[in-house]
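>>> Kindly generate the corresponding structure for this input.
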Amino acid sequence: MIAIEANNLTKNYKGFTALDKLSLNVMKGECFGILGPNGAGKSTLISILYGAKKSDSGTLKILDQEPSRKNRWLKEKIGIVTQENCLDESLNVFQNMMIYSQYLSIPKKKAKNKISELLEFMSLYHKKDFQIAELSGGMKRRLAFVRALLSDPEILILDEPTTGLDPAVRKLMWNKIIELKSDKKMTILISTHYMDEAEQLADKIVIIDKGKFQVQDHPKQIVKKHCPGYIAFFTKQTLSESIYKKYVNNKTIFNCNLHPYLCTLRYLTLDDLYNFIKKVNIQPELIRPSNLEDVFLTLTGRKLSEHA
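Alright, predicted model coming up:
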């Protein structure tokens, strides 16, 4: 069953094409990642999916309905965590959630129980009587998750859910998302510019750049197809230009990137890499398997984090 079906979505802003004929299908129960740098078109796509904006052309169905500002039934089926937390600073944690539950027409007694349950789930129950201004940035983000889950949504949309959070809070958020996706009842859509976030959480991803989808598949399959092998990092002081030019164009070694201080080379196998190291007698600074960052660099010529 398809939860989100988009065909040829296009959106222009005064001559700038934010989305360029994008098409995708997200299956029910799937955790789907939209990966790309800031300005790639991710947030525009999210806004159209949620009904906050309209595309200039193309078709879109969410749970077999066309999204719009007036489609209340669909709004209640979708929970969204936007980039901004948008919490009322004049109210405490519990009051914020009670006000929002009224927008969703949740009966008061049911709302109280649901809010308590979700605050416990997001490790926030001990903060229920705190003012919003007293919360840390990570707590505010977790509270935005509570709000998005109040209606028991069939689809949860997460727009840059962990941007600006420290590593410990990011890990906590990842664990909560993994818990939510574990029973396969909720469809989750994650927009992110963090390569590791997409790899950890998404069953399938699309890589988007300049309003266009570059590739779409399971993260491991994308790496295997577009950038297999291992990456070695050498300092330019140790890997001379003559050695670089001599070896970079053979069948097992590829130039992925030239940094002012690092020369990055990609090999198909570890044996190829070790043979090269032995031949030139130069130790790399780092060796690692290739990843989605390398795929994006190969496809677009720049890093995912370049404009992040």
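>>> Residue 177: which element?
helix 167-181 (DSSP states H and E).
>>> helices or strands next to that helix in the packing?
Counting contacts by 3 or more CB pairs under 8 Å, 6 or more residues apart in numbering; DSSP states H and E, helix 167-181 packs against helix 137-149, strand 187-192, helix 195-201. Where C-beta positions appear, they are placed from N, C-alpha and C, glycine not excepted.
>>> What's the first helix or strand after the last one?
Taking DSSP H and E as the definition, the helix or strand that follows helix 195-201 towards the C-terminus is strand 204-209.
>>> I'd like the average pLDDT over that next one.
Average pLDDT, strand 204-209: 90.
>>> Packing partners of that strand?
strand 31-35, strand 212-217, helix 219-226, helix 292-300.
>>> switch to 10 Å and redo it
Secondary-structure packing of strand 204-209 (3 or more CB pairs under 10 Å, 6 or more residues apart in numbering; DSSP states H and E): strand 16-27, strand 31-35, helix 42-50, strand 187-192, helix 195-201, strand 212-217, helix 219-226, helix 292-300.
>>> relative to strand 187-192, how tilted is the helix holding residue 177?
Per axes from the mean of the first three to the mean of the last three CA atoms, to 10 degrees, the angle that helix 167-181 makes with strand 187-192 is 160 degrees.
>>> If we ignore the residues flanking it in sequence, what's nearest residue 122?
residue 142 (4.3 Å; CB to CB, 6 or more residues apart in numbering).
>>> Quick one: closest of the helices and strands packed on helix 167-181 to residue 7.
Proximity to residue 7 (CB to CB) singles out strand 187-192 among the helices and strands packed on helix 167-181, at 16.6 Å.
>>> who does that closest one pair up with?
strand 31-35 (parallel), strand 155-159 (parallel) (DSSP bridges).
>>> what's residue 2 in contact with, if anything?
By CB atoms under 10 Å, 6 or more residues apart in numbering, the contact set of residue 2 is 25-28, 30, 61-64, 187.
>>> pretty sure residue 146 is touching residue 135, no?
No: using CB atoms under 10 Å as the test, residue 146 is too far from residue 135 to be in contact (11.9 Å).
>>> Between these two, which is the more surrounded one?
residue 146 (23 against 19; other CB atoms under 10 Å).
>>> For that one, which non-adjacent residue is spatially closest?
Residue 146's closest residue in space is residue 118 (CB to CB, 6+ apart), at 4.4 Å.
>>> quick revisit: relative to residue 57, which of the helices and strands packed on helix 167-181 is closest?
That would be strand 187-192 among the helices and strands packed on helix 167-181, by CB to CB, at 21.5 Å.
>>> chain center to the closest one: distance?
The chain centre lies 6 Å from the centre of strand 187-192; the measure is CA atoms, centre = their mean, to the nearest Å.
>>> One more: stretch 266-283?
With CA atoms, centre = their mean, you get 34 Å for stretch 266-283.
>>> before we move on, what about stretch 129-138?
The answer for stretch 129-138 is 25 Å, by CA atoms, centre = their mean.
>>> and if you look at stretch 127-142?
Offset of stretch 127-142 from its chain centre (CA atoms, centre = their mean): 24 Å.
>>> How far does it stretch from one end to the other?
Terminal residues of stretch 127-142 are spaced 11 Å apart (CA to CA, to the nearest Å).
>>> try stretch 199-218
Taking CA to CA as the criterion, the two ends of stretch 199-218 lie 9 Å apart.
>>> now stretch 40-60
End-to-end distance (CA to CA), stretch 40-60: 20 Å.
>>> Tell me, how many residues neighbour residue 176?
17.
>>> residue contacts, it?
By CB under 10 Å, 6+ apart, the neighbours of residue 176 are 121-123, 142, 145, 149, 161.
>>> what about the chain, any weak spots by pLDDT?
Where the chain drops to pLDDT under 70, the residues are 69-70, 236-264, 305-308.
>>> Residue nearest the middle of it, spatially speaking?
In the chain, the residue lying closest to the centroid (CA atoms, centre = their mean) is residue 192, at 2.5 Å.
>>> Isn't that one up against residue 163?
Yes: with contact defined as CB under 10 Å, residue 192 counts as touching residue 163 (8.0 Å).
>>> Can you tell me the closest non-neighbouring residue to residue 86?
Residue 86's closest residue in space is residue 144 (CB to CB, 6+ apart), at 7.7 Å.
>>> in terms of contact, does that neighbour touch residue 161 like I think?
Yes: under the criterion of CB under 10 Å, residue 144 makes contact with residue 161 at 8.4 Å.
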